[in-house]
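# Task: produce atomic coordinates for the following.
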Amino acid sequence: MIGTGYVGLVSGVCFADIGNQVICVDKDKNKIDNLNSGISPIYEPGLDELIKKNFVAKRLSFTTDINRAISTSDIIFICVGTPTRKGSIQVDLSFVYKCTKEILKYSKRKKIIVTKSTVPVGTGDEIEKILKKKKKLFTVISNPEFLREGEAIRDFRYPDRIVIGSNEQKAFNIMRKLYAPLINKGSKFFTVTRRGSELIKYASNAFLATKITFINELANLCEKCGVNIEDISLGMGSDSRIGGRFLRAGPAYGGSCFPKDTKGLVSVADKYKINLSVIKSVIKSNQERVSLLTQRIHKILGSNIRNKKISFLGVTFKPNTDDMRDSTSLKMIPYLCKKGAKVNYYDPSGEKKEFRKIKNCNYKNNIKSNCYGTDLVVLLTEWDEFKSIDFKRIVKNNKFKVYDLRNLYSAEDMKRNKVKYYSVGRPNTN
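A predicted model of the protein is given here:
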């Protein structure tokens, strides 16, 4: 597994756990040293235990020696980052191509090369061009990942589908054998062309991002016409053609996939002179949502928020992960601090380097100290420990308010307890 980021590490550990000999390689020596000491660079439930188990069983090893990793392996997974280029919507494939050149350099016998990184249509073709000097040694396959952060180990073990894209029939047999322990438990093994596989990943993420954006826009309408968005989500989601997942109103989508993959898909379409107007609208609406939710804090606290105490519960883009990429908090907290507010935050995954240099922003290591004496509690991430808080008992401020961006609490219960409460897509009960 080349790359020990989220995809490479979780996939490598899980492949080892189903009986394979796995080498995870990364150029970051500090990360590899930590992994060899049993310290994971990412927060993912259950991952630490699996690392230790398979490391002790000698099915899993970590190294910076890419020569050894490549030369001793039969199947090589490319699991490096494919970020959006700065100032562009295009995908930066430089890490993928650099890996490919390393594989070419150190391979002296036949290898299966699998792209697990999310890549635009045609990337497999470009990889083959780089490898053409020794093309008889290589079979290039696409095998996109569909791991949800916070649920990644379960998603690997019980996937909705295993997608393999190849232009060679023999590759399907090899990959079917690799995934046999999962297929034997009922996982669907789905084979397509390599380009088809590359596009399936982008299309899947773009559609899920569209569902989130759609329900968020409907939530804005619900607030104006006195309807509860949760009733709409349930009514829609009960239709088997639509489904209820990803129809929960809340903050803008974030994380490592949706923001960059929606842009990446539009970039590919632009290359082929196809206008993906729906996805372009999704990207624009999602960007606007962060500003819309931030401005609502002014409606709750007033136009002047200088010296107001604001407490955030959760700052990651979703629970059960320490991933801050494109989280709503990254724009909301600096804005509020710049306006003179005094912001505290608590997140179960720990303090965040992104906020260390921001004036008037402080990390607290528990819910009580974070919320004590605050003017406004902002519920941003739905960690389990935020779902049953007695706000009146811990805040000790008679005039405090709660802004629940995840609709974790009942508006009626809050009104009964005489707590000023604001949520998303619901009629205002204050």
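
# Only C-alpha atoms from now on, for both contacts and neighbour counts.
Will do.

# Just list the residues touching the residue positioned nearest the centre of the chain, thanks.
Nearest to the geometric centre of the chain sits residue 255, at 3.6 Å (Cα atoms, centre = their mean). Applying Cα atoms under 8 Å, 6 or more residues apart in numbering to residue 255 gives the contacts 317-318, 323-327.

# what does residue 203 give?
Residues in contact with residue 203 (Cα under 8 Å, 6+ apart) are residue 265.

# try it again with 10 Å
By Cα atoms under 10 Å, 6 or more residues apart in numbering, the contact list for residue 203 reads 197, 209, 261-262, 265, 279.

# Which helix or which strand is home to it?
helix 194-225 (DSSP states H and E).

# Same question for residue 172.
Here residue 172 is assigned to helix 169-178, by DSSP H and E.

# Pull out the buried positions in that helix.
Neighbour counts over helix 169-178 (16 or more other Cα atoms under 10 Å) mark 171-172, 175-176, 178 as buried.

# Report the distance from the helix or strand that contains residue 164 to the chain centre.
Using DSSP H and E, residue 164 falls within strand 162-165. The chain centroid and the centroid of strand 162-165 are separated by 21 Å under Cα atoms, centre = their mean, to the nearest Å.

# now stretch 297-311
Counting by Cα atoms, centre = their mean, stretch 297-311 is centred 30 Å from the centre of its parent chain.

# who's in contact with it?
Applying Cα under 10 Å, 6+ apart, the contact partners of stretch 297-311 are 295-296, 332-333, 336-346, 360-364, 367, 369-379, 400-403, 420-422.

# try 7 Å
Stretch 297-311 is contacted from outside by 339-345, 370-371, 374-378, using Cα atoms under 7 Å, 6 or more residues apart in numbering.

# how about the strands in the chain?
In the chain, the strands defined using DSSP state E lie at 22-25, 60-63, 75-78, 111-115, 138-142, 162-165, 189-192, 309-313, 342-346, 361-363, 376-379, 401-404, 420-422.

# Spatially nearest residue to the residue nearest to the centre of the chain (excluding sequence neighbours)?
Leaving out its chain neighbours, the residue that sits closest to residue 255 by Cα to Cα, 6 or more residues apart in numbering is residue 325, at 4.8 Å.

# same question, residue 245
Once flanking residues are discounted, residue 245 sits nearest to residue 237: 7.3 Å by Cα to Cα, 6+ apart.

# returning to what we had before: out of the contacts of residue 203, flag the one nearest to residue 101.
residue 197 (22.6 Å; Cα to Cα).

# Spit out the contact partners of the residue nearest to the closest one when sequence neighbours are not counted.
Spatial nearest neighbour of residue 197, excluding adjacent residues (Cα to Cα, 6+ apart): residue 165 at 4.8 Å. Residue 165 is in contact with 141-143, 191-197, counting by Cα under 7 Å, 6+ apart.

# Quick check: PyMOL command selecting the buried ones in the contacts of residue 203.
Selecting only the buried entries of the contacts of residue 203 in PyMOL, with 16+ other Cα under 10 Å as the criterion:
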select buried, resi 197+209+261+262+265+279
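
# mind putting the contacts of residue 203 in a markdown table, distance to residue 133 and pLDDT included?
Below are the contacts of residue 203 laid out as a markdown table (distance: Cα to Cα, whole Å; pLDDT from 0 to 100):
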| residue | distance to residue 133 | pLDDT |
| --- | --- | --- |
| 197 | 25 | 98 |
| 209 | 40 | 98 |
| 261 | 32 | 97 |
| 262 | 34 | 97 |
| 265 | 31 | 97 |
| 279 | 39 | 98 |
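
# most neighbours, which of the contacts of residue 165?
residue 142 (28 neighbours; other Cα atoms under 10 Å).

# And it, what's its pLDDT?
Note on residue 142: pLDDT of 98.

# same deal with residue 231?
Residue 231 is given a pLDDT of 97.

# Around it, how many other residues sit close by?
11.

# picking that back up, I'd like the buried residues of helix 169-178 as TSV, with distance to residue 74 appended.
Shown next, in TSV, are the buried residues of helix 169-178 (distance: Cα to Cα, whole Å):
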residue	distance to residue 74
171	13
172	15
175	12
176	15
178	11
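
# Return the member of those nearest to residue 69.
Of all the buried residues of helix 169-178, residue 69 sits closest to residue 178, with 18.3 Å by Cα to Cα.

# Could you check how far that closest one is from residue 158?
Going from residue 178 to residue 158 by Cα to Cα, to the nearest Å gives 15 Å.
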